[in-house]
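Peer 1: any chance you could fold what I've pasted below:
(one chain, ligands or ions: 1)
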Amino acid sequence: MSINQDATEAISVKGVSKEYTFTHARRWSPLGHWRSRNKSSQDSKSAGYLALDDINFSVGKGETVGVLGKNGAGKSTLLQVITGVLQPTKGSVNIAGRIGALLELGAGFNPELTGRENIELAGAVLGLSSDEVRRKLDEIIEFADIGEFIDHPVKTYSSGMMVRVAFSQQVHMDPDVLIIDEALSVGDMFFQQKCLAKIKDIIGRGVTVFFVSHSLNAVKSLCRRAILLEKGKLVADGPSEEVCEQYQNSMSSTSPEDLAAAIAQSEMNRSEHGELRLHFEESFPVLPEDVFESTVLNRSGGGEIRFTGFAVLDSSGNRVTSIERANNIKLRLQFKVNSEVPAGATIGILIRDMHGVDLLAYNTDFYEAYLPAMAAGDRVYSLDVSTSLPFAMGRYSFHCGAKPSADSPYFYDRCFNIGVLDIESNPLTWGMYGGRLVHTPNDLKLLVNAV
Ligand SMILES: Nc1ncnc2c1ncn2[C@@H]1O[C@H](COP(=O)(O)OP(=O)(O)OP(=O)(O)O)[C@@H](O)[C@H]1O
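Peer 2: As a prediction, this is how the structure comes out:
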């Protein structure tokens, strides 16, 4: 890794590959134990394991990029190569400016020293003067907020305390590039919120942030851009909402085994609860299928059920794409059945804000209602959700999915971006409140029309 203050790119990764050989098969965790990897040392010994395969990308100064990928995809390895903890087998990494990294929990801490001493040491290692360190120390300790433990040896810390001190130290050292690996998932909820606010503040100051997380909402709300790793390869690089969808689709299964397990599960659900009764096409105007096809941006699933139309209807039953307030509206979703579907399927509608962050979902399963067995055919089925959306002014997008059972990874059909609704006025103004949800109604109902 080389550090270049003048570059316009904050991070530049060129042709980077990383092969693990037997000597790296296990790594020492600063928490005091050998951390074994999900790939066994035997595998590594026999062949060497290509954890990163010819990775190329660059991150501009001030950009915030999320890194996504399944377990073992190579995310941590990439971060370690970028921060210089690991040497790439091939390729090069350039970083412009001072890098702050939050990788493995408490990495870099000396377990025998206290939290305070570790912070002082880290400041000295980064080349800060003792005055600078002293000035920052108070801020760091205040943000970490672990009380008298700051003067206890780090080896006595809980994982939550460790992440508090590590995070606080890294974000207060004025990094030009901040690298974060899932660290937030360790702290408690309150501290996670505090960290997210701090990261937003840092992003606002133009610091480059490179962020690994399994929380798609965190990636979507913090990062405009995301990259996706699969088995050590970079398979997507683009707007975070699109990359998150691609990642979600890659997590959905299309395997016959998962389908069989999901159907068995749905049978159990059905025996306990009621079934939905659905309208057929005769009773509803059919929404144009070609419009639906061209609206959907991203689709996956086995195709047994296929969505064909979506509309938001106002209280008079008119189709709308913008509305003053979303009171007493109906979300109408239509679909066909392409091959026989056993009873028990569930359908969900998800609503996201314009940053792609999930806000609200309706799922037939939440109401313990399941679809009946349906035969293949050209009939169009309609599901209506009558509701009032508690949202402030803004644009909202709709997404839908049909599964054999609620917790199955198998989708019959999954469609992202089936429609948008502009809400034109904010019914409640709570001072300077800038959130997207304005109130929580107590009368949300899912109404399914009886045949
Ligand atoms: N020190 C190591 N020796 C041998 N193999 C390793 C080592 N570290 C990681 N691996 C292997 O390299 C691959 C990538 O691991 P990495 O930790 O980078 O994935 P990840 O995407 O961060 O996964 P997770 O989300 O589970 O943390 C995995 O198959 C892993 O088993």
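
Peer 1: rest of the way, CA atoms for contacts and neighbours
Peer 2: Noted.

Peer 1: give me phi/psi at the most centrally placed residue in the chain?
Peer 2: Closest to where the C-alpha atoms of the chain average out (CA atoms, centre = their mean) is Leu216, at 0.8 Å. Torsion angles at Leu216 (phi, psi; degrees, to the nearest 10) stand at phi -60, psi -30.

Peer 1: who are the contact partners of it?
Peer 2: The neighbours of Leu216, taking CA atoms under 8 Å, 6 or more residues apart in numbering as the test, are Cys244.

Peer 1: quick thing: my sequence starts at 55, can you match it?
Peer 2: Happy to do that; since the first residue is 55 now, the last one works out to Leu270.

Peer 1: what does the pLDDT read for it?
Peer 2: As predicted, Leu270 sits at a pLDDT of 88.

Peer 1: residues near the residue in the stretch 155-304 of the chain positioned nearest to the ligand, how many?
Peer 2: Closest residue of the stretch 155-304 of the chain to the ligand, CA to the nearest ligand atom: Gly286 (6.9 Å). Number of residues near Gly286 (other CA atoms under 10 Å) recorded here: 24.

Peer 1: let me know the secondary structure of the spatially closest residue to it that is not a sequence neighbour.
Peer 2: Among residues not flanking Gly286 along the chain, Leu106 sits closest, at 4.0 Å (CA to CA, 6 or more residues apart in numbering). Secondary structure state of Leu106, per DSSP: H, G, I helix; E, B strand; the rest coil, is strand.

Peer 1: just give me the neighbour total for Leu106.
Peer 2: Neighbour number of Leu106 under other CA under 10 Å is 27.

Peer 1: list the contacts of it.
Peer 2: Val70, Ser71, Lys72, Glu73, Gly128, Thr131, Leu132, Lys285, Gly286, Lys287.

Peer 1: returning to what we had before: the residue of the stretch 155-304 of the chain closest to the ligand touches Leu122, doesn't it?
Peer 2: No. Using CA atoms under 8 Å, Gly286 is not in contact with Leu122; the gap is 11.6 Å.

Peer 1: flag every buried residue along stretch 255-271.
Peer 2: Ile256, Ile257, Val261, Thr262, Val263, Phe264, Phe265, Val266, Ser267, His268, Leu270, Asn271 (16 or more other CA atoms under 10 Å).

Peer 1: show me these that map onto helices.
Peer 2: In helices, judged by DSSP state H, the following of these are found: Ile256, Ile257, Leu270, Asn271.

Peer 1: can you name the two of those that sit furthest apart?
Peer 2: Ile256 and Leu270 (19.8 Å; CA to CA).

Peer 1: quick one: pLDDT of the residue nearest to Gly286?
Peer 2: According to the model, Leu106 scores 97 on pLDDT.
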